[in-house]
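Undergrad: how would this look folded up:
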Amino acid sequence: MKNKILFSIGLLSLLIIPLLAEAQFSLKPSPLPTCKTFLLTEIGYYYRVSSFPEELSWYKHHSYFTSNLGLMMNLSSKFSIGAANFVGIDDDGQLRWGAKARARRWFGPEKSVDLSLGLNFADSRGYYDKPAFTGELSLNLRDLLIFNILVEVASYKIDQYADYEPYELLGTKKGSDVAIYTGIKTGRTTGLIANIAAALVGAVFLGLYLFGAGD
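TA: Modelled structure (predicted):
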């Protein structure tokens with residue numbers, strides 16, 4: 001697990017450093033010729049609209065909150081590419097963390113559509129396998145109002161026990177969970193403040209894990 005975290009941080013660094021080296025950096029997402037690179041700072045709320053597998057029907061936590069931080073580079077006045085780190089938490093306090101590559105198609109200076117593909121590298125819901133696929137389609141209005149469809153696909157393993165003493169293990173049920181969410185996000189200054197707070201909290205927990213008893 002530690003190696004996956006360090007590898008992911010290194011991979012993101014390789015993507016981010018060239019972007020930082022570019023001129024015309026902006027905190028406000030804009031196409032060329034306004035800027036060459038820009039910062040992504042987003043916070044969002046999602047609601048799961050797909051059903052849960054029968055083995056996970058006891059869980060049923062639909063609300064999901066996310067924080068996204070990344071960089072993008074404009075290739076032209078119409079197209080941008082980049083990457084973002086994300087942290088998510090559901091309404092049961094279960095955490096997910098990962099990274100996504102992102103492509104953007106601009107429709108003028110204030111509207112765009114983003115496609116993001118990536119992996120969840122960490123998931124505190126212990127019955128889910130890692131890494132897991134995550135993908136997202138977003139409609140951005142000035143990066144202040146962002147409408148989203150999020151898909152997460154993960155394999156799971158559930159141990160099944162007898163419902164009578166001595167409650168012995170009867171077997172393990174395996175399956176795949178396709179989670180579909182609709183959501184709304186906001187970015188720019190609001191997202192930047194929220195991401196700074198999330199980064200500070202995340203750094204504390206990562207430090208505790210790396211230098212603590214994590215495996």
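
Undergrad: For the closest residue to Y127 other than its chain neighbours, list each beta-bridge partner.
TA: Distance criterion Cβ to Cβ, 6 or more residues apart in numbering; nearest residue to Y127, sequence neighbours excluded, is Y156 at 5.0 Å. Backbone N, C-alpha and C define where each C-beta goes, glycine included. Using DSSP bridges, the beta-bridge partners of Y156 come out as Y128, G175.

Undergrad: Which residues are in contact with L150?
TA: If you count contacts by Cβ atoms under 8 Å, 6 or more residues apart in numbering, L150 has them with Y46, Y64, T134, G135, E136, I180, Y181, T182, G183.

Undergrad: 7 Å - rerun?
TA: By Cβ atoms under 7 Å, 6 or more residues apart in numbering, the contact set of L150 is Y46, E136, Y181, G183.

Undergrad: count of residues packed around the residue nearest to Y127?
TA: Counted with other Cβ atoms under 10 Å, the neighbours of Y156 add up to 19.

Undergrad: In this structure it contacts D177, no?
TA: Yes: using Cβ atoms under 7 Å, Y156 is in contact with D177, at 5.7 Å.

Undergrad: what touches both of those two?
TA: L56.

Undergrad: list the buried ones in whichever strand or helix holds L208?
TA: Element membership of L208 [criterion: DSSP states H and E] is helix 188-210. Applying a neighbour-count criterion of 16 or more other Cβ atoms under 10 Å, the buried positions in helix 188-210 are R188, G191, L192, A194, N195, A198, G202, L206.

Undergrad: Just the pLDDT for E165.
TA: The confidence metric pLDDT takes the value 72 at E165.

Undergrad: same question but for H62, I mixed them up
TA: At H62, pLDDT is 94.

Undergrad: Quick check on it: phi, psi?
TA: phi -90, psi -30 (degrees, to the nearest 10).

Undergrad: In space, what's closest to it - neighbours in sequence excluded?
TA: R48 (4.3 Å).

Undergrad: Report how many residues lie close to that neighbour.
TA: R48 has 19 nearby residues by other Cβ under 10 Å.

Undergrad: again with L145
TA: For L145, using other Cβ under 10 Å, the count is 12.
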